[in-house]
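**Q** whatever this is, show me its structure:
(3 chains)
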Amino acid sequence: MQPSTSNFTSSTPTFPLNAWYACAYDVEVGREILARTICNQKMVLYRTLDGQVCALADACWHRLLPLSMGRLEGDELVCGYHGLHYNAKGRCTSMPSQEGVNPSACVKSYPVVERHRLIWVWTGDPALADPSLIADLHWNQHPDWAADGKLIHVKCDYRLVIDNLMDLTHETYVHGSSIGNAAVAEAPFVATHGDKTATITRWMENIEAPPFWANQLFQARGYKGPVDRWQIIRFEAPSTVTIDVGVAPAGSGAVPNAAGESDRSQGVNGYVLNTMTPETDQTCHYFWAIARNYSLNEQRLTHQMREGVAGIFREDELILEAQQQAINANPGHPFYNLNIDAGAMWARRLIDKMTEAERDKPLAGSPKSFVLKQVA
Amino acid sequence: MQPSTSNFTSSTPTFPLNAWYACAYDVEVGREILARTICNQKMVLYRTLDGQVCALADACWHRLLPLSMGRLEGDELVCGYHGLHYNAKGRCTSMPSQEGVNPSACVKSYPVVERHRLIWVWTGDPALADPSLIADLHWNQHPDWAADGKLIHVKCDYRLVIDNLMDLTHETYVHGSSIGNAAVAEAPFVATHGDKTATITRWMENIEAPPFWANQLFQARGYKGPVDRWQIIRFEAPSTVTIDVGVAPAGSGAVPNAAGESDRSQGVNGYVLNTMTPETDQTCHYFWAIARNYSLNEQRLTHQMREGVAGIFREDELILEAQQQAINANPGHPFYNLNIDAGAMWARRLIDKMTEAERDKPLAGSPKSFVLKQVA
Amino acid sequence: MQPSTSNFTSSTPTFPLNAWYACAYDVEVGREILARTICNQKMVLYRTLDGQVCALADACWHRLLPLSMGRLEGDELVCGYHGLHYNAKGRCTSMPSQEGVNPSACVKSYPVVERHRLIWVWTGDPALADPSLIADLHWNQHPDWAADGKLIHVKCDYRLVIDNLMDLTHETYVHGSSIGNAAVAEAPFVATHGDKTATITRWMENIEAPPFWANQLFQARGYKGPVDRWQIIRFEAPSTVTIDVGVAPAGSGAVPNAAGESDRSQGVNGYVLNTMTPETDQTCHYFWAIARNYSLNEQRLTHQMREGVAGIFREDELILEAQQQAINANPGHPFYNLNIDAGAMWARRLIDKMTEAERDKPLAGSPKSFVLKQVA
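**A** Below you'll find the model as predicted:
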C-alpha cells in the first residue's frame, strides 16, 4: 500500500481570491468602524445610515494612515490624519485646503453581501462577484432551525481546519474526554465529490444511540430504543464545511433508500456549520454555529449546545496551532494521506483547482495600487 | 489635476550619513556610560574627566561585547569581558595578559560637538565633520529665550515626523480636542526653499487671536484687540524643523514689508524646536523644545507650555506609528502629494539630494570593519 | 604583532552532526514525554517500561503534529491527533480506521546512550554512532568523587561558552566580585593540543592559597601554608570542557616532574565539568557540574559549591547573550585573537575540522524526509 501525499508547503497560494468569504457576524458591523484582515487584505467594515454594509481598504490613498483610525460622518469615512473624506464606494469626496479632488483618489471597495447572519466579502475580481456563489448556510437563519455560534481566531492555515472537520476519527484522540468514541472510527464511510463539493457519508444503522442523542430523541420525540444514526460532512469550496448529524428510530425511514429518498421526520437533526476565512496565510477567522430542528424555543438547550461545541473546538485549536508550527519547522515535509483523509484530500484538490485557475489568469481588477501608479 | 507622488518605500537609504544628528540632551551624558543607536550605529557616550563628550562604537574590537557593559576608569573605557582599555579616541591602550598592544586595535570614534543643549554626532566621513553645519537651534540656549523640552522615541521613519511638522492642517484632525482649528487650514501659505532649507510661511492679518495667544499677549504686553498672527515652518536638512509662531497687535509692524523688514517688538513669540535623529530606518529619537521670548522668569509658564506640547505630540505619535505600520503593510504604495504637502515634498527632495550624493560617492572613512580586516 | 582572526559569522555550520551531545540529565527522562531540540532537531525522549531511554523525532509521520502532545501506551508513543502508534524504534505499528500499516511509516529514531549521569544522543549518521566517542565526564558518577550540577539554557552559540571556558582571565573582569583575581591572569600558561583535545595548563608554585582553597585544604587535610596550585582546562571536541583545579602543599609532589609523574595525594582537587549542546545555531543547553575528591559525605559542601558555581555562571550568561546579540548586529566582523585566546582558537579549529569533514561528505543516513519522499 503506497500512501498518496500532498506537498503542503509548496509555493502555490493557500487560498483563491475569487471567492466569497465570511468577514464578520452581522451584529459585529454597525456605526463603529470595524477593522479586519481578510486574505491578507486590511479592510474596514461599517454600515451606512440606511444599514448597508460596506467594506473599504484600510489605508488612506494620500499617506496610508489606517482609515480605521478615522471616524464616520454620515455615510462617509473621514481620515484621522488630514481629513480626506471617502464615500461608501471608496471614492474621495473632499481634500483639505483645496477645492478640487483628484479624480483618481480612491480606496479599494469590496463587494459585500449580508446573508445567513454573516457578512460575506469578495476579495477577487469584482466583476465576478456573483452572490449565488455564496456557500449555503441557511440553517443559521431559518424558522425551522434554532442556531447559535461564535467567531474564533486560529493561528493556522484555514485548510488545517478543513482537514480536521473532514475526518471525525480525530474525535477519539483529541476529544477523548467529551465526544470521542471508538465506534465512529470503526464505521465505514462513503466519499463522493462534485465540482465544488466533497462529501463524507457515514450511516450507523440499528445501533444504541450515544447518551447525548438518546436523550435528545426522547425529550423531543418521546422515543426510546435502537436508532439509525448519521454523520454527513459536506465541504463546499473554498472553505465551508457543514456537518449534518442526527438519529432517528431504527427503521423509521431515515436511511436513504435506493432512490435516495429519506424520511427523517421521526428523528432529531443537528447541523454543525463552519466557514473558515483566511486572515493571512497562517491565521484564520473561524465562524461556526450549531443548529437543531427540534425543541426550537428552549433557549437553555441553545446555550448548552453552543458552549458544548465551543469547549470541543478549543481542544482542536491547540492541535491546529501546534500542527501549523510543526509544518513551519519541517519545510518541504509531505503530508501522507491515510484512508481517513479521503474527504480532506478531495477538499484540497478542489481548493487547488481554484487557486491554479487564478494563477493562470491573473485578476483583472485586483492590483489597485498598480492602477494608481499608472495614473501617477 | 494630477497629483505628484513620491515612492516612499524605495531602496534608497532613508537618511544621509554625512550630517550632524542630535544624539542626546547635554544632561543625559556624564560619567555613566550611555548607550544609544544613531543611524543604525550602536554607540556609547560619556564625558571625560574634563567634561568633554566622546562617542565610541559600542562593540569591543576583540570579541564584540558591548562596551556599554563595561566601566569607566578615568578617561578610559574598560571592556566588561576581558578588560581591554580604550581611550577617548577609541584607541586600545592595554590588553590582558600581554605587554604589547596591537596597533590596529581600536573602536570607531565619532566626531562630537555640544551645542544648544544638545550633543551632536557626525555619522559619516569624519573629514567632512564641519561644526558650522550643525542646525541652528540657538533659541534653546539664549538669554532672550526661555526654553524647555523632551526626548521621545517614535517607532517610525524620522521623515514621517518631518512630513507631519511641515503641514499644520493635520492639527484640525489629529489635535481636534486641543489646538485644532479650521481657520489655520483655510489660511493661504507661501512655500519657498533654498539649498538646505524649505520654508512654509503663513500670515493671518487683523484677526481675533486664539485664546492661548490672546491671553499671552495680554499678560506679557498688556494688549487686547485684533492681531496679526504668523506661523513660519522652517526645515533645515536633513532633519531639523523650527516653527516660529506668535501674534502682535494688528498693524504694529510684525508683518514684513516689501523690503522684508519686520518689527515684532510689541508681540509675543514662540519657537517649537524639533530635531529628529534616525535610530534605525524605522525608529527615531525625537528631540523637541518649546521656547518663548516673554515672561522669561515664569517657571510655571515654562512647565505649562512644555507639558502642553508633550500632550499634543503624544497624539502625533499614535498617528505616526500607525502610518509606519501601514507603509510596511503596503510595500510599493506611492505617497500622493496634495497642496498641503508642498513643504514636506521640498524637505524630502533636499534629503534625497543628500542621500543620492552619498550613494554616488561612497564614504572614505566609514566602513571601519573593512579596514580592520585588511590589516588582519 | 599581527593578531590572528577567525571569521565568526561565516556560513559554515556551527556544529558537527556526527557527535554525541548531552540532551538531558538522567533524572529528567522517565515515563513522561520530554520534548527537547538538539542541533535544530526537535525530538521526544522517554523511557520504555524496562528503563531504556529512546529518542524519536517530534513530528508525526502523518500530519506532523508534535508527538510530544501525545501519550505513552506501554513502550509505544501514541499521536494526539489521529492515534498513530510508534514503537521505541520509531516504527509505526498501527493506523486509525485501517488494518494495514504502510511499511515506510516511521519517525526518525536517534542512537542514545546513558552515561555519567547524562543522556547522550547522536545527531548524525547512525552507522557512525560509536559509544566510545562519548566525552569523558566520569567524575560526575564515580565513588571517589562527589558531584552535583545543573542544566542552564543560554541564548548564544555554544562556541561562545567554549571561548569563555578556555580562558580564565575573564574572571578578573566578569567575576570581579566573587572569584576574580589578577594573579591568575598574570600566571603563564602552556597550550597543547591533540586530534580531538586542546589543553591549557597553568601551574602557580609555592604561592599563598586563595581563601577558598586555603580553607578546603585545612578542613580536608589539616594543612596550612604555601601551596602549589593548578588550573588545567581540557577541551574535548566538539563541546566538552573539563577544568581540573586544586591546590597541594608546596613541594609535596603535585607539580609534574620531567617524566610527567605527579602525586596529588596530599592536596585537594575539584573538577568543573561542562558540556554544551547546540539547541539551535544561537542557543544552547549547558550542562555543568562541580566535583571534588575530598569531604565526600559533606552534603552541605556539595550544596554550597553547586550554588557558588551557579551564581558565577549567571554572570557569564549575561555576557554571553550580549555578545551573541552584538555578533548579530555586526555581521562579518572578525574575531581577533589575543594571547589569552590560544585555547579557544584551538578548540574552534578542532570543531571546524569536524564540520568541514561533514561538509565534504554528506551524511548517508541523515536526511530522513528525503528518503520518505522517495518512497512516496
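**Q** rest of the way, CA atoms for contacts and neighbours
**A** Noted.
**Q** neighbours of A:Ala248, how many?
**A** When counting by other CA atoms under 10 Å in any protein chain shown, one arrives at 30 neighbours for A:Ala248.
**Q** host element of it?
**A** Using DSSP states H and E, A:Ala248 sits in strand A:240-249.
**Q** what do you get for A:Gln216?
**A** Under the criterion DSSP H and E, the helix or strand holding A:Gln216 is helix A:211-221.
**Q** contact residues of chain A facing chain B?
**A** Within chain A, the positions near chain B by CA under 8 Å from any CA of the partner chain are A:59, A:61-66, A:80-83, A:96-98, A:102, A:369, A:373, A:376.
**Q** buried only: go through these for me.
**A** Burial by neighbour count, 16 or more other CA atoms under 10 Å in any protein chain shown: within these this picks out A:59, A:61-66, A:80-83, A:96-97, A:369.
**Q** coming back round to it: the strand holding A:Ala248 pairs with which strands, parallel or anti?
**A** Based on DSSP bridges, the pairing partners of strand A:240-249 within the sheet are strand A:227-236 (antiparallel), strand A:268-280 (antiparallel).
**Q** how far out from the middle of the chain is that strand?
**A** The chain centroid and the centroid of strand A:240-249 are separated by 17 Å under CA atoms, centre = their mean, to the nearest Å.
**Q** try stretch A:40-59
**A** When distances are taken as CA atoms, centre = their mean, stretch A:40-59 is centred 19 Å away from the chain's centroid.
**Q** same check, this time on stretch A:277-290
**A** Relative to its parent chain, stretch A:277-290 has a centroid offset of 6 Å by CA atoms, centre = their mean.
**Q** so A:Ile38 touches A:Thr277, yeah?
**A** Yes. When contacts are counted by CA atoms under 8 Å, A:Ile38 is listed as touching A:Thr277 (7.0 Å).
**Q** more neighbours: which of those two?
**A** For the pair A:Ile38 and A:Thr277, the greater number of neighbours falls to A:Thr277 (27 against 21), based on other CA under 10 Å.
**Q** that one against A:Trp20, yeah?
**A** No. Taking contacts as CA under 8 Å, A:Thr277 lies outside contact range of A:Trp20: 9.2 Å.
**Q** contact residues of the stretch 51-200 of chain A facing chain C?
**A** Taking CA under 8 Å from any CA as the measure of proximity, the stretch 51-200 of chain A contacts chain C at A:169-170, A:172-174, A:185-186.
**Q** please enumerate the strands of the stretch 1-150 of chain A.
**A** Along the stretch 1-150 of chain A, the stretches classed as strands by DSSP state E, counting those that start in this stretch are A:4-6, A:20-25, A:34-38, A:41-47, A:53-57, A:71-73, A:76-78, A:85-86, A:92-94, A:109-110, A:112-115, A:118-122, A:146-154.
**Q** nearest to C:Pro16, out of these?
**A** In terms of CA to CA, the element of the strands of the stretch 1-150 of chain A nearest to C:Pro16 is strand A:4-6, at 32.1 Å.
**Q** ok so, going back, can I get the strands paired with strand A:240-249 in TSV with mean pLDDT and distance to B:Pro16?
**A** Rendered in TSV, the data for those read as follows (pLDDT from 0 to 100; distance: least, CA to CA, whole Å):
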stretch	mean pLDDT	distance to B:Pro16
strand A:227-236	96	55
strand A:268-280	97	36
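**Q** okay, these in a markdown table with distance to B:Arg314 next?
**A** As requested, these are arranged in a markdown table below (distance: least, CA to CA, whole Å):
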| stretch | distance to B:Arg314 |
| --- | --- |
| strand A:227-236 | 49 |
| strand A:268-280 | 31 |
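**Q** hmm, back to that, got a markdown table for the buried ones among the residues of chain A next to chain B, with pLDDT too?
**A** Formatted as a markdown table, the entries for these read as follows, by pLDDT from 0 to 100:
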| residue | pLDDT |
| --- | --- |
| A:Ala59 | 96 |
| A:Trp61 | 95 |
| A:His62 | 94 |
| A:Arg63 | 94 |
| A:Leu64 | 95 |
| A:Leu65 | 96 |
| A:Pro66 | 97 |
| A:Gly80 | 95 |
| A:Tyr81 | 95 |
| A:His82 | 93 |
| A:Gly83 | 93 |
| A:Pro96 | 85 |
| A:Ser97 | 80 |
| A:Ser369 | 32 |
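**Q** and these, which two are the farthest apart?
**A** The most widely separated members of those are A:Ser97 and A:Ser369, with 25.0 Å between them, by CA to CA.
**Q** residue ranges with poor pLDDT in the stretch 1-150 of chain A?
**A** Across the stretch 1-150 of chain A, the stretches falling below the confidence threshold (pLDDT under 70) are A:1-11.
**Q** ok and the residue in the stretch 151-300 of chain A nearest chain C?
**A** Distances from the stretch 151-300 of chain A to chain C, computed as CA to the nearest CA, single out A:His170 as the nearest residue at 4.9 Å.
**Q** name the nearest residue to that residue, ignoring sequence neighbours.
**A** C:His82 (4.9 Å; CA to CA, 6 or more residues apart in numbering or on different chains).
**Q** about what we covered before: report the buried residues of the helix holding A:Gln216.
**A** By neighbour count with 16+ other CA under 10 Å, helix A:211-221 contains the buried residues A:213-214, A:216-217, A:221.
**Q** likewise for stretch A:186-193?
**A** Neighbour counts using 16+ other CA under 10 Å place A:189, A:193 of stretch A:186-193 among the buried residues.
**Q** what about it, how long is it end to end?
**A** Taking CA to CA, to the nearest Å, stretch A:186-193 runs 22 Å from one end to the other.
**Q** what sits against A:Pro131?
**A** Contacts of A:Pro131 were listed using CA atoms under 8 Å, 6 or more residues apart in numbering or on different chains, and they are A:Val113.
**Q** looks like A:Lys155 contacts A:Thr280 (just checking).
**A** No. The pair A:Lys155 / A:Thr280 is not scored as a contact, 9.2 Å apart, by CA under 8 Å.
**Q** common neighbours of A:Ile38 and A:Thr277, please.
**A** The overlap between the contact sets of A:Ile38 and A:Thr277 (CA under 8 Å, 6+ apart) consists of A:Cys23.
**Q** still on that earlier bit, buried ones in the strand holding A:Ala248?
**A** By neighbour count on 16+ other CA under 10 Å, the buried set for strand A:240-249 is A:240-249.
**Q** still on that earlier bit, since we're on the residue of the stretch 151-300 of chain A closest to chain C, how many residues are nearby?
**A** A:His170 sits with 24 neighbouring residues when counted by other CA under 10 Å.
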